[in-house]
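1. sequence first, predicted model second:
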Amino acid sequence: MIRIRDLVKRYGTITAVDGLNLDIEENEVFGLLGSNGAGKTTTIHMLATLLKPTSGTATVNGYDIIKEPSKVRSSIGIVFQAPSSDDMLTGYENLKLHSMLYSVPRHARENRITEVLELVGLLDRKDDQVKTYSGGMRRRLEIARGLLHKPKVMFLDEPTLGLDPGSRETMWKYIQTLVDEQKVTVILTTHYMEEADMLCDRIGIIDKGKIIALDTPAGLKAGLGGDVVKLRTKDRDVDRIVGQFDFVQKVEHSDGLVVLSVKNAKRALPVLLQHIEAESAEFSSPTLNDVFIQLTGRNIKEAAEGGFMERIAQYD
């Protein structure tokens with residue numbers, strides 16, 4: 001559905017996207033993860049034809065983003081980080097305006113508006129001004145707006161940014177419904193690792209404009225080498241003891257703890273405790289945040305990149 005080849009975007013001496021190559025399949029939920037300034041939003045703006053690449057190219061739904069921008073735009077829907085619906089209009093009026101801008105056939109507009117409002121659970125609020133909507137409702141309205149013209153691809157740029165946990169989980173449900181029922185390919189950028197883990201079929205981690213890891217969430221986590229067991233013990237022979245078990249992949253010492261990378265901690269821990277006198281023991285499975293730290297050397301920040309105009313302004 002999306003093919004990216006050697007895509008580059010520079011602002012003066014700053015390279016925001018650096019030779020990106022990527023294929024995204026039809027009906028896939030693809031997550032693009034990265035910290036502030038990593039190139040996520042710049043990449044989406046190029047794919048959505050809002051920003052011209054410095055070099056390289058890409059196709060969306062078979063259309064070239066440089067040579068056929070109007071056909072690309074007719075194939076996509078997009079939900080920006082910042083709210084973009086009109087506060088003074090009702091939900092219905094926002095959708096009616098958008099349906100005209102996107103040339104939804106006149107005879108089909110009303111039915112289509114009703115369909116998308118039902119999909120996102122806003123039919124009963126369609127005649128209320130958007131300024132009365134909660135943050136989650138506005139996000140859902142913007143997803144509805146992006147679906148009006150039946151796009152093949154939806155770009156969701158930090159779709160749950162600023163929402164409370166309950167609203168975020170509700171949004172996840174609507175995104176999954178979107179994929180399952182509307183058969184739309186979704187490209188998702190997010191700072192929330194649990195969001196990416198739950199929703200995405202595959203994840204690309206982008207750092208300094210380059211994809212540095214690409215796999216399923218499970219594959220990325222498995223790449224760290226298994227579960228982690230932390231033992232606090234005074235046993236001086238602990239290294240020799242754990243070395244006899246083939247399920248122990250790595251041994252480290254940190255802050256008075258013995259830190260072990262093991263296969264299947266739930267089975268390994270009872271065996272270890274039979275041989276080691278431990279004052280305390282705990283285990284955990286790798287998370288996507290652990291993967292991100294391992295690959296980039298820093299924690300992903302729970303904040304979105306600046307808006308499009310702010311990002312441009314910083315290079316002026």
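-> Perfect, thanks for sending it. Computed from a prediction, not measured in an experiment: that's the story for all the values here.
2. mind listing the helices for the stretch 201-316 of the chain?
-> 217-222, 238-242, 265-275, 288-296, 308-313 (DSSP state H, counting those that start in this stretch).
3. show me what the third one is packed against.
-> With contacts defined as 3 or more C-beta pairs under 8 Å, 6 or more residues apart in numbering; DSSP states H and E, the secondary structure elements packing on helix 265-275 are strand 227-233, strand 257-262, strand 278-284. All C-beta atoms are positioned from the backbone trio N, CA, C, and that covers glycine.
4. and the average pLDDT for whichever helix or strand residue 72 is part of is what?
-> Per DSSP states H and E, residue 72 falls inside helix 69-75. Averaging pLDDT along helix 69-75 gives 94.
5. Throw the helices and strands packed on helix 265-275 into TSV and include mean neighbour count and mean pLDDT, thanks.
-> TSV is the format used below for these (neighbours: other C-beta atoms under 10 Å; pLDDT from 0 to 100):
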stretch	mean neighbour count	mean pLDDT
strand 227-233	19	89
strand 257-262	20	88
strand 278-284	14	89
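6. which among the ones you listed is found nearest to residue 48?
-> Across these, residue 48 has its closest neighbour in strand 278-284 (38.3 Å, C-beta to C-beta).
7. that closest one pairs with which strands?
-> strand 227-233 (antiparallel) (DSSP bridges).
8. which one of the helices of the stretch 201-316 of the chain lies closest to residue 112?
-> Nearest of the helices of the stretch 201-316 of the chain (C-beta to C-beta): helix 308-313, 27.7 Å.
9. which residues in the stretch 51-200 of the chain form helices?
-> Secondary structure of the stretch 51-200 of the chain (DSSP H, counting those that start in this stretch): helices located at 69-75, 91-101, 109-119, 135-147, 165-182, 193-199.
10. for residue 4, find the nearest of these.
-> helix 69-75 (12.8 Å).
11. next, the buried residues of that closest one.
-> For helix 69-75, the buried set under the neighbour-count rule, 16 or more other C-beta atoms under 10 Å, comprises 69, 72, 73, 74, 75.
12. could you dump those residues to JSON lines with distance to residue 242?
-> Output for the buried residues of helix 69-75, formatted as JSON lines (distance: C-beta to C-beta, whole Å):
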{"residue": "69", "distance to residue 242": "59"}
{"residue": "72", "distance to residue 242": "55"}
{"residue": "73", "distance to residue 242": "58"}
{"residue": "74", "distance to residue 242": "60"}
{"residue": "75", "distance to residue 242": "55"}
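13. that older thread, helices or strands up against the helix holding residue 72?
-> Applying 3+ C-beta pairs under 8 Å, 6+ apart, one finds that helix 69-75 contacts strand 63-64.
14. contacts for the strand it packs on?
-> Strand 63-64 is contacted from outside by 57, 58, 71, 72, 75, using C-beta atoms under 8 Å, 6 or more residues apart in numbering.
15. let's see it at 7 Å
-> Contact partners of strand 63-64, identified using C-beta atoms under 7 Å, 6 or more residues apart in numbering, comprise 57, 71, 72, 75.
16. stretch 231-239 too?
-> The contact list for stretch 231-239 (C-beta under 7 Å, 6+ apart) reads 251, 256, 257, 258, 276, 277, 278, 279, 280, 281.
17. now do the contacts for residue 250.
-> 225, 260, 261.
18. partner residues bridging the closest residue to the second one other than its chain neighbours?
-> What it means is residue 260. Of all residues not flanking residue 260 in the chain, residue 229 sits nearest, at 4.4 Å (C-beta to C-beta, 6 or more residues apart in numbering). Beta-bridge partners recorded for residue 229 (DSSP bridges): residue 260, residue 283.
19. sorry, back to before: out of the helices and strands packed on helix 265-275, which is closest to residue 106?
-> Distance to residue 106, taken as C-beta to C-beta, is lowest for strand 278-284 among these, at 57.0 Å.
20. any weak-confidence spans in the stretch 101-250 of the chain?
-> For the stretch 101-250 of the chain, no stretch has pLDDT under 70.
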